[in-house]
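Chemist: Sequence first, then the predicted structure:
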Amino acid sequence: MAPDVTTPPAGGTALPPRPAGQRSVLQRVLATRESSVIGALLVSILAASLLVDGFASGRNSGFLILDIAAIALIALPMTLVIVTGEIDLSVASTLGLTSAVMGQLWVIGLPLETIAVLCLVLGALLGAVNGLLVTVAGLPSLAVTIGTMAMYRGLAYVILGDQAVADFPFSWTGGATARLSGTPIPWIALLIIVLAVVFGLLLHATPFGRSLYAIGSNDEAARFSGIPVLRTKLVLFIASGTVASLAGVFWTLQYGSARADNAFGLELSVVAAVLLGGVSIFGGKGALLGVLGGVLLLGTIRNALQLADVSSDMLSIVTGTLLVVSVVLPNAIERVRARRRTAEPPS
């Protein structure tokens, strides 16, 4: 068989043959999980725009961003946590406890500026509890955060009970959903973008970020190479709790109501978005761009179904299905690739 030589233009020099099995840069980019997620997102937006009335309107775009804002915020530190091979399932309960504390502090007369700062400190403390139980006590993060998920939600009910605090000033509640001047885009989108850039640079452009992938791939090897594994994981859990509380402050003001059951079950959507974006549940793999695509893809599907009057139960089924697919599909693809590599004769 003739070698694979690119035909040169008239009078030109023949390009050297491309080694067998070598792919171009474009082919490698298109083969990534992130490009698949972005492609699925674009297809979903196009299909929803054509099939669902009102989806493509500017007004609905603003509602979609507000609907995914809390998920997007919490998904940023969650990405780093899962890259290290850990998980934090207490984030929605942290949000709910933050909302309950926020309401109670408002009732006793503290200004909202002070309340917001205290809530962020609370989130850091709740995240530190998770981190210390994982790093110092040596407990698995799945078991720890399932336990604190129940504990934090229970504390929220102890603090606020079944009542709701809904007399926050309009300057705060209206500001939480305010749009950028002349656009349907809420200002919270800017905060998400800024934090995404910060977490993205931290993960992909710093030695700290590279250490997270090393920990997720093999934490024992990372420890022997000098990486402070336990301290790193503790910092990530604190960051996760802090951002979850930030989302709790925004959630409370967005809906104008502090309740103990706010964001109940949201952790499922956060984890689904992160895994859908290409982060491996086993750690060591993933990119923040794919996670943002996963958040938008999940939000687009849910928003389109809501506009089509699909029940909330069906939305939960869709979210759960996407979560299962995002875990099963990558492993199935990797097994197929491994079998093909094994079957290929040596070159």
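Modeler: Looks like it arrived, so ask away.
Chemist: shaky segments in the protein?
Modeler: Residues of the chain meeting the criterion pLDDT under 70: 1-31, 344-347.
Chemist: mind listing the helices for it?
Modeler: Secondary structure of the chain (DSSP state H): helices located at 25-30, 33-51, 58-83, 91-107, 112-135, 141-160, 170-176, 188-204, 207-217, 219-224, 229-255, 266-276, 288-307, 312-343.
Chemist: If you count contacts, what does the longest one end up packed against?
Modeler: Here helix 312-343 touches helix 266-276, helix 288-307, going by 3 or more Cβ pairs under 8 Å, 6 or more residues apart in numbering; DSSP states H and E. Glycine gets a C-beta too; all of them are placed from N, C-alpha and C.
Chemist: Helix 288-307 and the shortest one, what's the angle between them?
Modeler: With axes from the mean of the first three to the mean of the last three Cα atoms, to 10 degrees as the basis, helix 266-276 and helix 288-307 are set at 130 degrees to each other.
Chemist: related to what we said a few turns ago, let me know which of the helices and strands packed on helix 312-343 is tucked in deepest.
Modeler: The highest mean neighbour count among the helices and strands packed on helix 312-343, using mean count of other Cβ atoms under 10 Å, belongs to helix 266-276: a mean of 25.
Chemist: Now do that helix: distance to the chain's middle.
Modeler: 6 Å (Cα atoms, centre = their mean, to the nearest Å).
Chemist: got it, and stretch 152-164?
Modeler: Its chain's average C-alpha position is 26 Å from that of stretch 152-164, according to Cα atoms, centre = their mean.
Chemist: And it, what's buried?
Modeler: Neighbour counts over stretch 152-164 (16 or more other Cβ atoms under 10 Å) mark 152-153, 155-156, 159-160, 164 as buried.
Chemist: ok, now how distant is residue 131 from residue 206?
Modeler: 20 Å (Cβ to Cβ, to the nearest Å).
Chemist: More neighbours: those two, which one.
Modeler: residue 131 (27 against 11; other Cβ atoms under 10 Å).
Chemist: can I assume the more buried one is in contact with residue 236?
Modeler: Yes. In terms of Cβ atoms under 8 Å, residue 131 counts as a neighbour of residue 236; the distance is 7.4 Å.
Chemist: on that earlier part again, most widely separated two among the buried residues of stretch 152-164?
Modeler: Maximum pairwise distance among those (Cβ to Cβ): 18.3 Å, between 152 and 164.
Chemist: follow-up on the earlier one: mind putting the buried residues of stretch 152-164 in TSV, distance to residue 97 included?
Modeler: Output for the buried residues of stretch 152-164, formatted as TSV (distance: Cβ to Cβ, whole Å):
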residue	distance to residue 97
152	5
153	7
155	6
156	4
159	8
160	9
164	15
